[in-house]
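Undergrad: My questions concern the predicted model and sequence given below.
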Amino acid sequence: KNSYPHPFKRAEFYLIESAILATKAIESKKRQKEKLAHEYVEKIEIFKNKCEKIAPESRELKTISEILDYFE
């Protein structure tokens with residue numbers, strides 16, 4: 001039996017990275033750095049597109065979409 005924790009699936013990785021980027025985008029907006037915030041949101045969109053390709057029905061994709069909805 002393998003006692004190591006399971007490695008993150010790519011969809012999980014995309015969600016974690018999206019959450020980190022969303023935090024950075026929120027902080028950038030608070031500091032009136034709109035261009036930087038927009039760049040972070042664009043990176044989240046890239047992760048969403050990658051997640052759609054590998055896990056179109058996943059909980060991770062749904063959550064990434066909800067993160068993006070926050071910025072619209």
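TA: Arrived safely, thanks for sending.
Undergrad: from here on, contacts and neighbour counts on C-alpha atoms
TA: Will do.
Undergrad: Ile67 contacts Ala22, doesn't it?
TA: Yes. Using C-alpha atoms under 8 Å, Ile67 is in contact with Ala22, at 7.2 Å.
Undergrad: quick one, what contacts the residue most central in space within the chain?
TA: The chain has Ser18 as the residue nearest its centroid, 1.8 Å off, counting by C-alpha atoms, centre = their mean. For Ser18, the contact set (C-alpha atoms under 8 Å, 6 or more residues apart in numbering) comprises 43-44, 47, 64, 67.
Undergrad: Okay, now the unreliable bits of this structure?
TA: Along the chain, the model assigns pLDDT under 70 to residues 1-7.
Undergrad: ranges for the helices of the protein?
TA: Per DSSP state H, the chain carries helices over the ranges 10-30, 34-54, 59-70.
Undergrad: Report the angle between the first one and helix 34-54.
TA: The one in question is helix 10-30. If you take axes from the mean of the first three to the mean of the last three C-alpha atoms, to 10 degrees, helix 10-30 sits at 170 degrees to helix 34-54.
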